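Student: Sequence and predicted structure below; questions after.
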Amino acid sequence: MDNFDVVCESVIEYVNTINVESYENIALMMHCTDIILGEKDFNFNYKYKKKYDFKQIDKYVEEFLFDLNPDYLEYYRLRKTDGTIELDYNNNCGEAYSTYDDELGKRVIYVSVTGTIEDAFSIVHELFHDINLRYELDSYGRYFFTECLSLLGEFLFSDFLSKKNVVEYNNVVNRCLYYLRKKALEVNFNLRLIQEYLDNGYIDKNIISNLIMSYCDYYREDLIEIIYNISEQEWLTLEEDECYILSGLSATYMYDRIKNNKKNLNELFDLNDALNDFDLGQVLDYLDLNHNDYELTPDSYNVLRKSYKKFIKR
């Protein structure tokens, strides 16, 4: 069985298991991926010219958190002293993460130390995840928006570093936007596989081939990689990445609201406190994004599109 055959089976199994009944079930994420893919792509510089020891990184993070919210600074200091933050100096290529270790019964914020300004962004990002982590409860509100709050933290941190004349901060922000677009492509392709199956009542190699050809040539290698990933795990890769899409757009939207009115910074603090108590609809209501049972209203999509376009042109 080749990769395309496995993808066909994976689509059918996913639709039947998750009970995707119509386009309405996937419309929200489809429209959000269309917004991201409808704007320019990003190239970012992988190389950082300046090296930072951890004392300087820690100093930037502490100063930023003090300016943002002194309570967050105290929270960061607590996590440093209680052993939550694990700095790995032996693996500068690892991905930072935050989690709750059930075996050890403790929170973990893991940071692979690179010796660049990226370390500071990793700490801010994962610290914000940790702030809204309640290991005994995980809601749809947190599933779709914890990345939003962490990305927003990075965007606000980049403003802070800009004032400090740290010139390479923008490399990290562009990296976020670059990966957001790659995730949007993966989610979009997964959703269109589902849509083809729903529209036709079946899916085969020809449908997948035609679907790939409907994208511009620029995406061809990425799409082949997505096909490979689906075939390897025999399941759509949608669930791994869809939470980043609405989060990414919402982060630029919240950032714009803060820039227009600093009082809206309280939205960050409020959601970090209550995210696990909210479902998806309640978070959207809190952010003044109108929606119905399945997706946002056209006006709300336009608001997200304008905020995203504005942010990437900043």
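Tutor: Thanks, I have the structure now.
Student: Tyr75 and Ile131 touch, don't they?
Tutor: Yes: here Tyr75 reaches Ile131: they are 6.4 Å apart, a contact under C-beta atoms under 8 Å. (C-beta placed from N, C-alpha, C; glycine too.)
Student: These two: who's more crowded?
Tutor: Taking neighbours as other C-beta atoms under 10 Å, Tyr75 and Ile131 compare with Ile131 leading, 22 against 16.
Student: what residues are up against the closest residue to the more buried one other than its chain neighbours?
Tutor: Sequence neighbours aside, Asn272 is the residue nearest to Ile131 in space, at 4.9 Å (criterion: C-beta to C-beta, 6 or more residues apart in numbering). Applying C-beta atoms under 8 Å, 6 or more residues apart in numbering to Asn272 gives the contacts 128, 131-132, 149.
Student: Any chance of those residues in TSV with distance to Asn188, pLDDT and secondary structure as columns?
Tutor: Formatted as TSV, the contacts of Asn272 follow (distance: C-beta to C-beta, whole Å; pLDDT from 0 to 100; DSSP: H, G, I helix; E, B strand; the rest coil):
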residue	distance to Asn188	pLDDT	secondary structure
Phe128	27	98	helix
Ile131	31	96	helix
Asn132	27	94	coil
Leu149	24	97	helix
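Student: Just the buried ones among these, please.
Tutor: When the contacts of Asn272 are checked for burial by 16 or more other C-beta atoms under 10 Å, the buried set is 128, 131-132, 149.
Student: Now do the contacts for the most centrally placed residue in the chain.
Tutor: Ranked by distance to the mean C-alpha position of the chain (C-alpha atoms, centre = their mean), the top residue is Tyr244 at 2.9 Å. By C-beta under 8 Å, 6+ apart, the contact set of Tyr244 is 147, 180, 183.
Student: Let's test this: mean pLDDT of the helix or strand where it lies, rounded?
Tutor: In this structure, Tyr244 is located in helix 238-260 according to DSSP states H and E. What helix 238-260 shows for mean pLDDT is 95.
Student: Who are the packing partners of the lengthiest helix in the chain?
Tutor: The helix that spans the most residues within the chain, counting by DSSP state H, is helix 169-200. With contacts taken as 3 or more C-beta pairs under 8 Å, 6 or more residues apart in numbering; DSSP states H and E, helix 169-200 sits against helix 3-18, helix 27-37, helix 118-131, helix 140-163, helix 205-213, helix 220-233, helix 238-260.
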